[in-house]
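Trainee: structural data only, the sequence is not supplied:
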Ligand SMILES: O=P(O)(O)OC[C@H]1O[C@H](OP(=O)(O)OP(=O)(O)O)[C@H](O)[C@@H]1O
Ligand SMILES: Nc1ncnc2[nH]cnc12
């Protein structure tokens, strides 16, 4: 139709905006999966990973892909008010105020093993809150995974399981 041709004529293509990134994504995912399948947490007895938990919002970009590669389930932790049905909630402190996380009450079964994934850990408030939700449902957190860790904020000491990060920012 002529009108559609007109609309198309208004569009401008920006190939690879903001940058060409499939290689970066593959590198991230491969590193995470290799870490989870080759380190002691994965190899020790009964440490099969049942569930990958991704944190709202950027954990959703990584978690489902890692879960699919491992044959694990993916469970989202969302900011308050976004999930339907019965939920467990926790309020936590961030660098710029309080926030609340929720998870559906039947998302994790008692005894299931869990790995938490997000893009970045700063104070550790978000990751700690996610760990509390997992514990409320009877899950066992094996590890917390991040692309970037702001090491000077010493989040690792707040968590109930080891922290693994690909890139450490020291100041
Ligand atoms: O370790 P913390 O001090 O808790 O900070 C880390 C969290 O902060 C950022 O998300 P943010 O809460 O800004 O939400 P967003 O993903 O919706 O931008 C980041 O993606 C982590 O989830
Ligand atoms: N200090 C920080 N720097 C960059 N991204 C963040 N997300 C949450 N806290 C952050």
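Mentor: Great, that's in hand. Treat the numbers as computed from the prediction; the structure is a model and nothing was measured. Residues are numbered from 1 along each chain as shown. Ligands and ions are numbered 1, 2, ... in the order given.

Trainee: next secondary structure element downstream of the top strand by length along the chain?
Mentor: Ranked by residue count and defined by DSSP state E, the top strand of the chain is strand 140-150. Moving toward the C-terminus from strand 140-150, the next helix or strand (DSSP states H and E) is strand 163-169.

Trainee: hmm, back to that, each with direction, which strands does the longest strand of the chain pair with?
Mentor: The strands beside strand 140-150 in its sheet (DSSP bridges) come out as strand 113-121 (parallel), strand 163-169 (parallel).

Trainee: with respect to burial, which of those scores highest?
Mentor: When these are scored by mean count of other Cβ atoms under 10 Å, the highest mean neighbour count falls to strand 113-121 (a mean of 24). C-betas here are computed from N, CA, C, even on glycine.

Trainee: which ones are touching the residue of the chain most remote from its centre?
Mentor: Most distant residue from the mean C-alpha position of the chain: residue 2, 45.4 Å away (Cα atoms, centre = their mean). Residue 2 makes contact with no residue, according to Cβ atoms under 8 Å, 6 or more residues apart in numbering.

Trainee: got a pLDDT number for it?
Mentor: The score at residue 2 is 72. That number is its pLDDT.

Trainee: same question, residue 48
Mentor: Residue 48 is assigned a predicted lDDT (pLDDT) of 92.

Trainee: that one: which element?
Mentor: With DSSP H and E as the test, residue 48 turns up in no helix or strand.

Trainee: distance of it from residue 73?
Mentor: For residue 48, the distance to residue 73 equals 12 Å [Cβ to Cβ, to the nearest Å].

Trainee: of the two, who's got more company?
Mentor: Counted by other Cβ atoms under 10 Å, residue 48 and residue 73 do not tie: residue 73 has more neighbours, with 17 against 12.

Trainee: for that one, which non-adjacent residue is spatially closest?
Mentor: In this structure, residue 73 finds its nearest non-sequential neighbour in residue 51, 4.8 Å apart by Cβ to Cβ, 6 or more residues apart in numbering.

Trainee: quick one, phi psi at that neighbour?
Mentor: Main-chain torsions, residue 51, degrees, to the nearest 10: phi -140, psi 130.
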